[in-house]
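# build the 3D model from these lines:
(chains A, B, C and D)
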Protein chains: 2
Amino acid sequence: MDISKTCADCSVRNRSLCGTLDDGELQALSRIGHRRHFTRGATILWSGEPATQCGNLLSGALKMTASTADGREQTVSTLYPADFVGRPYAEDSRFTVTATADSELCMFARAPFEHLLERHAKMERQLLDQAFTALDESRAQMLTLARRSAAEKVAGFLLDMADRAEVTRISPTGPATFDLPINRGQIADLLGLTIETVSRQLTKLKLAGIIALPGIRTITIRDEASLRTRAG
Amino acid sequence: MDISKTCADCSVRNRSLCGTLDDGELQALSRIGHRRHFTRGATILWSGEPATQCGNLLSGALKMTASTADGREQTVSTLYPADFVGRPYAEDSRFTVTATADSELCMFARAPFEHLLERHAKMERQLLDQAFTALDESRAQMLTLARRSAAEKVAGFLLDMADRAEVTRISPTGPATFDLPINRGQIADLLGLTIETVSRQLTKLKLAGIIALPGIRTITIRDEASLRTRAG
DNA sequence: CGAGTACTTGATCGTGATCAACGGGTGTGG
DNA sequence: CCACACCCGTTGATCACGATCAAGTACTCG
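Predicted structure coming up:
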């Protein structure tokens, strides 16, 4: 298989780390990389295990989770196409990475990838910027987890998802409708709540006329201003 | 003032970013850096304001906090000597950085510092590693904030502080005694609790004979095994 | 000595977890 | 084709943890 052709065709070519490379550099990268497919539910990295691989997400979605010894779980990051997966410069991964949808990754062994980073300053700078952005997001989420109420968490989550999702509207200013990519349990894991609390908050918003739930995973935002008020 | 001499004398010379530089490079760095002193309570960066400065902490301690619009606050990071402060590659700081003790920083304007980073790959790699480490810590803390009980948070906090603090023991295996560098309110901010809950958890541990509180900010760990059990 | 700050303790309240039951949709095997 | 199991989501009842409100103590500083 001609991998360099694959790189040229890559769906995240201009958004991921590789976007900083010229054609020659890309050849070098494609020599150490390979595509791998993970079905929904499959685990890419295990918490506490040696993390010998890293890579870029091409399609699908991943979650990164942390767990207590007795099994309580918290999602600490959600990864979308073009996001980088893994932890250069550390032997072990402290978190578990799992596919929440069928996903394709472009993966590299960590050692040669680190070596490549050293020789491509632009790529390293891009990775540094991505790491700082992830750090800002993670810290913002700490505020939500520790200090916001369940109502605020769910309202904020819906606004975030509406931003990210493909939204359809019956008129340009009309109510926005979109599909949630995850189920109630995964929302609870993300917000530090239980399934029951997420469900109750959604029905509360529905009864208040702020959202509608035309399908089990479909959300219509009928009153965005109120939703923003409730997001705190 | 001969700044290069100051660099040579710097207390964090071998632990911070600058540790990667040779004498010539250090001269270049010292030309754009200057020392600044902040008294306890002073603010180094304001959330939402342009962040034109970054730097290394030389002595003292800082906290980084996030706040909701209505004033609820959460400490998202604690910074100690040799830690890097600021956010390269972004116009604004999303968090407020405050001195929790009288502190000295070695500060740089962001633009020339970024320029310097580009020309010193080792320093950039060191910063990348620090950013990934901070990211791991932040994500581990998300689990604590979202899923651990007040008792687990306080027990875990005491173990962390004992690791970091200068501990004195009456005998090599005897109980460890150390001073907390922060007051109850700051512990509460860090753990996502209230002052009252922190205080109650400490007295509960005292009544159980697991710790002693010889002074208001002094902790003696009398039964580390039990404390670890309670940390979950 | 009085004011102010930090901490502790007590009483009560409310949010969200927990336990439990039930409904709807889907896929499987007899 | 239908009976059944299973998963997911909703709803109800109750409980417990930690927040809130309130009072009081110990220490420091002017």
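
# show me where chain A has helices.
Secondary structure of chain A, counting by DSSP state H: helices at A:3-9, A:23-32, A:110-119, A:121-147, A:150-164, A:184-191, A:195-207, A:224-231.

# does DNA strand C sit close to the last one?
No. Remark: helix A:224-231 sits outside contact range of DNA strand C, by C-beta under 7 Å from any atom of the strand, the gap being at least 11.5 Å. Backbone N, C-alpha and C define where each C-beta goes, glycine included.

# can I get stretch A:149-156 in CSV, CA atoms only?
In CSV, the C-alpha atoms belonging to stretch A:149-156 read as follows (Å, rounded to 0.1, in the frame of the first residue of the first chain):
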residue,chain,number,x,y,z
SER,A,149,-25.1,22.4,40.0
ALA,A,150,-26.6,19.5,38.0
ALA,A,151,-29.0,21.9,36.2
GLU,A,152,-26.0,24.1,35.2
LYS,A,153,-23.9,21.2,34.1
VAL,A,154,-26.7,19.8,31.8
ALA,A,155,-27.6,23.1,30.3
GLY,A,156,-24.0,23.9,29.6
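
# give the contact list for residue A:38.
Residue A:38 makes contact with A:44, A:60, A:99, A:102-105 under the criterion C-beta atoms under 8 Å, 6 or more residues apart in numbering or on different chains.

# closest one of these to residue A:194?
residue A:99 (23.7 Å; C-beta to C-beta).

# show me how the record splits chain A into domains.
Domain segmentation of chain A under automatic domain parsing yields A:3-146, A:148-231.

# low-scoring stretches of chain A, by residue?
For chain A, residues meeting the criterion pLDDT under 70 lie at A:1-5.

# so which bits of it are right by DNA strand C?
When proximity is defined as C-beta under 7 Å from any atom of the strand, chain A approaches DNA strand C at A:149-151, A:192-194, A:196-197.

# surely residue A:138 is in contact with residue A:77?
Yes. Assessed by C-beta atoms under 8 Å, residue A:138 is found in contact with residue A:77 at 6.9 Å.

# for the two, list the residues in contact with both.
Counting by C-beta under 8 Å, 6+ apart, the common neighbours of residue A:138 and residue A:77 are residue B:139.

# which of the contacts of residue A:38 count as buried?
Buried members of the contacts of residue A:38, counted by 16 or more other C-beta atoms under 10 Å in any protein chain shown: A:44, A:60, A:99, A:103-105.

# just name the closest of these to chain B, please.
residue A:44 (16.0 Å; C-beta to the nearest C-beta).

# distance of the closest one relative to residue A:200?
Distance, residue A:44 to residue A:200, by C-beta to C-beta, to the nearest Å: 33 Å.

# just residue A:97 next, same as before
Using C-beta to C-beta, we find residue A:97 at a distance of 30 Å from residue A:200.

# for the two, indicate the residue with more neighbours.
More crowded of residue A:97 and residue A:200, by other C-beta atoms under 10 Å in any protein chain shown: residue A:97, with 24 against 15.

# pretty sure the more buried one is touching residue A:44, no?
Yes. Counting by C-beta under 8 Å, residue A:97 touches residue A:44, with 4.4 Å between them.

# can you work out which residues contact both of those two?
With contacts taken as C-beta under 8 Å, 6+ apart, residue A:97 and residue A:44 have A:62, A:85 as neighbours in common.

# thinking again about what came up before, which of the contacts of residue A:38 fall in strands?
Cross-referencing those against strands under DSSP state E gives A:44, A:99, A:103-105.

# I'd like the residues you listed laid out as CSV, including distance to chain B.
Output for these, formatted as CSV (distance: C-beta to the nearest C-beta, whole Å):
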residue, distance to chain B
A:44, 16
A:99, 19
A:103, 20
A:104, 24
A:105, 19
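
# may I ask which two of the residues you listed are separated the most?
Taking C-beta to C-beta, the two most distant members of the ones in strands among the contacts of residue A:38 are A:44 and A:104; they sit 11.3 Å apart.

# quick check: buried residues in stretch A:136-150?
A:136, A:138-139, A:141-148, A:150.

# roughly how far apart are the closest residue to residue A:98 other than its chain neighbours and residue B:135?
The spatially closest residue to residue A:98, leaving aside those adjacent along the chain, is residue A:43, at 5.0 Å (C-beta to C-beta, 6 or more residues apart in numbering or on different chains). Distance, residue A:43 to residue B:135, using C-beta to C-beta: 20 Å.

# which of the two has more residues huddled nearby?
Shown here are residue A:43 and residue B:135; by other C-beta under 10 Å, residue B:135 has more neighbours (21 against 14).

# excluding chain neighbours, what is closest to that one?
residue A:135 is the one closest to residue B:135 (C-beta to C-beta, 6+ apart), at 5.1 Å.

# so what's that neighbour up against?
With C-beta under 8 Å, 6+ apart, residue A:135 has these contacts: B:131, B:134-135, B:138.

# so what's the residue count around the residue nearest to residue A:157 when sequence neighbours are not counted?
With C-beta to C-beta, 6+ apart as the criterion, residue A:157 has its nearest non-adjacent residue at 6.1 Å, and that residue is residue A:191. Using other C-beta under 10 Å, residue A:191 has 24 other residues around it.

# mind listing what residue A:191 touches?
Residue A:191 neighbours (C-beta under 8 Å, 6+ apart): A:144-145, A:150, A:153-154, A:157, A:198.

# possible to save the residues of chain A next to DNA strand C as a markdown table with distance to residue B:165?
Listed next are the residues of chain A next to DNA strand C as a markdown table, based on distance: C-beta to C-beta, whole Å:
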| residue | distance to residue B:165 |
| --- | --- |
| A:149 | 35 |
| A:150 | 36 |
| A:151 | 39 |
| A:192 | 29 |
| A:193 | 35 |
| A:194 | 36 |
| A:196 | 41 |
| A:197 | 38 |
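
# which of those residues are buried, as a ChimeraX select command?
Buried residues within the residues of chain A next to DNA strand C, by 16+ other C-beta under 10 Å, are selected in ChimeraX with:
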select /A:150,151,192,193,197
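
# of all pairs in the residues of chain A next to DNA strand C, which one is the farthest apart?
Applying C-beta to C-beta across the residues of chain A next to DNA strand C, the maximum distance is between A:149 and A:196, 15.3 Å.

# one step back: could I get the domains of chain A as a markdown table with distance to residue B:28?
Output for the domains of chain A, formatted as a markdown table (distance: least, C-beta to C-beta, whole Å):
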| stretch | distance to residue B:28 |
| --- | --- |
| domain A:3-146 | 17 |
| domain A:148-231 | 42 |
